[in-house]
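Chemist: Below: sequence and its predicted model.
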Amino acid sequence: MKKISLSLSLLVLTACSSGSYPLKSNLDSDKINQFIKIGNVKLYSEQQLSQLRYKQIGLVEGESCQANPDLPPADEATARNLAREKVAAKGGNGFVPLNCVSTEFPGCFSHITCFGKAINVIKDDQ
């Protein structure tokens, strides 16, 4: 009896492992890559710059637009994150927000633009 139940168990396990089961996900790989890139860009304040060795790469901006009244209003966090994406695209690893302004913009119920410095912080081992 033990041999039959063991054989049956092995048969069930091997039947499950022999099939090909594709993984389906609702995650967008492009968005995941963007998120990872943003994670490599640290936010710094103007005061912190005096304690860092860095090279300024340029200025960047990010915008947040509420395109529909049913959507959440434009916000600074989204605008800063979009600016951080631009820092990553320029090869930088730091973003120093300088100013965020709320403006009227065609097609947006609310609109915020954040400006800042794209920097490359030089690590001690570089």
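Modeler: Structure's in. What do you need? Numbers count the residues shown, from 1 in each chain.
Chemist: name the element residue 57 belongs to?
Modeler: Element membership for residue 57, per DSSP states H and E: strand 54-66.
Chemist: Give me the helices and strands touching that strand, please.
Modeler: helix 76-89, strand 110-121 (3 or more CB pairs under 8 Å, 6 or more residues apart in numbering; DSSP states H and E). No exception for glycine: its C-beta is placed from N, CA and C like everyone else's.
Chemist: mind running it again at 10 Å?
Modeler: Where contact means 3 or more CB pairs under 10 Å, 6 or more residues apart in numbering; DSSP states H and E, strand 54-66 is packed against helix 76-89, strand 94-102, strand 110-121.
Chemist: Just the buried positions in that strand, please.
Modeler: By neighbour count with 16 or more other CB atoms under 10 Å, strand 54-66 contains the buried residues 54, 57, 60, 62-66.
Chemist: same question, stretch 69-81
Modeler: Quick answer for stretch 69-81 (16+ other CB under 10 Å): 74-76, 78-81.
Chemist: Any chance you could list what contacts it?
Modeler: 34-35, 38, 41, 43, 61-67, 95, 97, 100-103, 105, 108-116 (CB atoms under 10 Å, 6 or more residues apart in numbering).
Chemist: One more pass at 8 Å, please.
Modeler: For stretch 69-81, the external contacting residues (CB atoms under 8 Å, 6 or more residues apart in numbering) are 38, 43, 61-66, 95, 97, 100, 102, 108-114, 116.
Chemist: Including pLDDT and distance to residue 121, could the buried residues of stretch 69-81 go into JSON lines?
Modeler: Listed next are those as JSON lines, based on pLDDT from 0 to 100; distance: CB to CB, whole Å:
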{"residue": "74", "pLDDT": "97", "distance to residue 121": "29"}
{"residue": "75", "pLDDT": "97", "distance to residue 121": "26"}
{"residue": "76", "pLDDT": "97", "distance to residue 121": "22"}
{"residue": "78", "pLDDT": "96", "distance to residue 121": "24"}
{"residue": "79", "pLDDT": "97", "distance to residue 121": "22"}
{"residue": "80", "pLDDT": "96", "distance to residue 121": "17"}
{"residue": "81", "pLDDT": "95", "distance to residue 121": "19"}
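Chemist: Many thanks, I have nothing further to ask.
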